[in-house]
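*Asks:* What follows is a protein structure lacking sequence information:
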C-alpha cells in the first residue's frame with residue numbers, strides 16, 4: 001500500500017488493550033501514525049480521497065511486540081538473519097522484535113546496538129530493537145555500560161540465555177539500573193542445579209534415562225532476585241516462568257508492590273513434559289516443558305495478571321544442532337509464527353478473554369520497555385495486526401518463513417492466525433497475497 005493516501009481500516013472488531021475497548025470500529029492511518037480510531041469514525045462513509053481496507057469483521061489490534069527473540073545476526077546467519085527473522089515476525093503478526101544479545105560478538109557495546117538497528121533499517125520488514133548484555137561478553141562478572149547502551153537504543157539488559165548466577169553482580173546491576181531507569185531481565189535458573197539437565201526433573205526423565213532440571217532451580221533464583229529487588233528498588237523482569245513455586249514468588253513480590261514483572265513462553269502453557277516421550281529434540285527447550293500442574297499454574301498466572309507478558313523465545317537452530325541424541329541436542333525452538341495461534345489457545349479453552357491475551361503481547365511489553373507502540377491511539381505508531389481468531393489451519397514446514405524449522409508444533413492443528421500485518425502504515429504481510 002504505497003499510494004501516499006490516508007488508509008481507513010473499516011468494518012473491524014477493534015481490540016485496544018490500552019483503553020479496554022473491544023467492539024466494532026475503524027482505524028485511520030496517515031503516513032506512519034494513527035490519526036484516529038473508534039466506533040463512529042466514518043458515520044457518513046469513507047471520504048473518496050482515502051484508501052479503504054475492509055476488515056470483514058476480523059479483529060484489528062495493535063501489532064504484537066515479541067520481547068524475547070534470538071535473531072543470530074551477527075555470527076550465526078546460517079540459522080537466522082535480521083531479514084529472515086523479520087519475515088517470520090511479519091507472517092506471525094509481530095510488528096516489533098526485541099533481539100537478544102547472545103550473538104557473536106555479544107551485543108555489549110553501543111556500536112553493536114547501533115549495528116543491529118542499522119541492519120534492521122536496511123533489511124527488516126518490522127521494527128527491531130535490542131536488549132544489550134548485562135555483563136561484558138555475558139560472562140556474568142563485569143557490568144556493561146547501561147547508560148551508554150541505553151543512549152544507543154538498548155531497551156533492556158539481560159544475559160539471556162544464561163542467568164546471572166552471582167548475587168553480588170545482580171545486586172550491582174539492579175542498583176546501577178535505577179540510575180538510568182533500565183529494566184533488568186533474568187533467565188531465572190540456578191545454574192549449578194541445572195548444569196547437566198536436559199528435561200524437567202521428574203519420573204519421566206528417569207524413565208527416559210535423561211538428567212533433569214529440578215523446578216527448584218527456577219524457584220531459588222526467582223526468590224533470591226526478589227530479595228535483591230527489595231534491597232535495591234531496581235526494575236526486574238523474569239523472562240520465562242515455568243513453575244508453580246516461582247510464579248508464587250513473583251505473586252508475593254507484586255503483592256508487596258515491588259517493581260517486578262514476568263513473562264511466559266507459549267510452549268510452557270500449551271505443552272507439558274509428555275512432548276519429549278519419543279525423545280523429540282524439537283521439544284527440548286529452556287526452561288524445560290514441565291509437569292501438567294506447572295503448565296496449569298502458568299495459565300492461571302496469565303489469567304490473574306501475575307504474568308504480564310507472552311513472548312516466543314524464538315531460537316532458530318539448524319538440523320545439525322537439533323537432530324542429535326537428546327542429551328547432545330541444543331535447547332530452543334522457533335516461535336515467531338506460532339506466538340499468536342498458540343496464545344489463542346487460552347481464548348479457545350476459555351482461560352482468558354481475547355483482549356487480555358492481546359494485552360500480554362502489546363501493552364504489556366510496551367509498558368515495561370518504554371515503547372510508544374502497542375495501542376490504538378491518536379499519534380501512536382501505525383503498527384497494526386488484522387487477525388482471524390477462529391480460522392482453522394495446519395502448521396506445515398513449507399509455510400514457515402524462518403530459516404530454521406525447529407518447532408514442536410509441526411503438523412499441529414491451529415485455530416487463529418495473522419491475516420495482515422502493518423508496520424509504520426505499510427502492509428508488510430498479507431495472507432491473501434501470500435497464498
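*Replies:* Cool, got the structure. Since this is a predicted model, take the numbers as computed values, not measurements. Numbering: from 1, shown residues only.

*Asks:* got any ranges where the protein has weak pLDDT?
*Replies:* Filtered on pLDDT under 70, the chain yields the residue ranges 1-3, 435.

*Asks:* switch the cut-off to 80
*Replies:* Across the chain, the ranges flagged by pLDDT under 80 are 1-4, 433-435.

*Asks:* how's it carved up into domains?
*Replies:* Following automatic domain parsing, one gets these domains for the chain: 7-60+381-401+413-434, 64-369.

*Asks:* how about those in JSON lines, adding distance to residue 375 and mean neighbour count?
*Replies:* Using the backbone N, CA and C atoms, a C-beta is placed for each residue, glycine as well. Below are the domains of the chain laid out as JSON lines (distance: least, CB to CB, whole Å; neighbours: other CB atoms under 10 Å):
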{"stretch": "domain 7-60+381-401+413-434", "distance to residue 375": "4", "mean neighbour count": "18"}
{"stretch": "domain 64-369", "distance to residue 375": "6", "mean neighbour count": "21"}
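
*Asks:* Name the nearest residue to residue 17, sequence neighbours excluded.
*Replies:* residue 359 (3.5 Å; CB to CB, 6 or more residues apart in numbering).

*Asks:* And for residue 370?
*Replies:* The shortest distance from residue 370 to any non-neighbouring residue, by CB to CB, 6+ apart, is to residue 155 (6.8 Å).

*Asks:* can I assume the one you found sits in a strand?
*Replies:* Yes. Judged by DSSP: H, G, I helix; E, B strand; the rest coil, residue 155 forms part of a strand.

*Asks:* can you tell me how far it sits from residue 227?
*Replies:* 26 Å (CB to CB, to the nearest Å).

*Asks:* cool, residue 235 as well?
*Replies:* 15 Å.

*Asks:* With respect to residue 407, which of the domains of the chain lies nearest?
*Replies:* domain 64-369 (5.2 Å; CB to CB).

*Asks:* Tell me how far that closest one lies from the chain's centre.
*Replies:* Here the centre of domain 64-369 is set off from its chain's centre by 8 Å, with CA atoms, centre = their mean, to the nearest Å.

*Asks:* What distance do you get for the residue nearest to the spatial centre of the chain to residue 232?
*Replies:* By CA atoms, centre = their mean, the mean C-alpha position of the chain lies nearest to residue 311, the distance being 2.3 Å. Here residue 311 is placed at a distance of 24 Å from residue 232 (CB to CB).

*Asks:* what sits against the residue nearest to the centre of the chain?
*Replies:* 66-69, 98, 239-240, 263-265, 339, 361, 365 (CB atoms under 8 Å, 6 or more residues apart in numbering).

*Asks:* Include secondary structure and distance to residue 321 when you put those residues into JSON lines, please.
*Replies:* As requested, the contacts of residue 311 are exported to JSON lines (DSSP: H, G, I helix; E, B strand; the rest coil; distance: CB to CB, whole Å):
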{"residue": "66", "secondary structure": "strand", "distance to residue 321": "21"}
{"residue": "67", "secondary structure": "strand", "distance to residue 321": "24"}
{"residue": "68", "secondary structure": "strand", "distance to residue 321": "19"}
{"residue": "69", "secondary structure": "strand", "distance to residue 321": "17"}
{"residue": "98", "secondary structure": "strand", "distance to residue 321": "23"}
{"residue": "239", "secondary structure": "coil", "distance to residue 321": "21"}
{"residue": "240", "secondary structure": "coil", "distance to residue 321": "20"}
{"residue": "263", "secondary structure": "strand", "distance to residue 321": "24"}
{"residue": "264", "secondary structure": "strand", "distance to residue 321": "24"}
{"residue": "265", "secondary structure": "coil", "distance to residue 321": "19"}
{"residue": "339", "secondary structure": "helix", "distance to residue 321": "21"}
{"residue": "361", "secondary structure": "coil", "distance to residue 321": "27"}
{"residue": "365", "secondary structure": "helix", "distance to residue 321": "28"}
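
*Asks:* Nearest to residue 430 among those residues?
*Replies:* Distances from residue 430 to the contacts of residue 311, taken as CB to CB, are shortest for residue 339 (18.7 Å).

*Asks:* ok, that closest one touching residue 67?
*Replies:* No. Using CB atoms under 8 Å, residue 339 makes no contact with residue 67, being 10.6 Å away.

*Asks:* what sits up against the helix ranked longest in the chain?
*Replies:* Looking across the chain with DSSP state H, the single longest helix is helix 215-232. Outside helix 215-232, the residues within contact range by CB under 8 Å, 6+ apart are 163, 167, 170-171, 174-175, 178, 186, 188-190, 193-194, 197, 200-201, 234, 236, 238, 241-246, 249-250, 252-253, 256, 258-260, 287, 290-291, 294.

*Asks:* can you rerun that using 6 Å?
*Replies:* Outside helix 215-232, the residues that touch it by CB atoms under 6 Å, 6 or more residues apart in numbering are 163, 170-171, 174-175, 186, 188-190, 193-194, 236, 238, 243, 245-246, 249, 253, 258, 260.

*Asks:* Among those residues, which are located in strands?
*Replies:* Counting by DSSP state E, the part of these found in strands is 186, 236, 238, 260.

*Asks:* Give me the residues contacting stretch 99-106.
*Replies:* Here stretch 99-106 makes contact (CB under 6 Å, 6+ apart) with 69-71, 74-75, 107, 116, 128, 130-133, 137-138, 160.

*Asks:* ok, so what distance separates residue 364 from residue 199?
*Replies:* Per CB to CB, residue 364 is found 29 Å from residue 199.

*Asks:* Now the phi/psi pair for the nearest residue to residue 279 once chain neighbours are set aside, please.
*Replies:* Distances taken as CB to CB, 6+ apart place residue 326 nearest to residue 279, at 4.7 Å, with adjacent residues excluded. Residue 326 adopts backbone torsions of phi -50, psi -40, taken as degrees, to the nearest 10.

*Asks:* mind checking the end-to-end distance for stretch 54-70?
*Replies:* Distance across stretch 54-70, first residue to last, is 35 Å (CA to CA, to the nearest Å).
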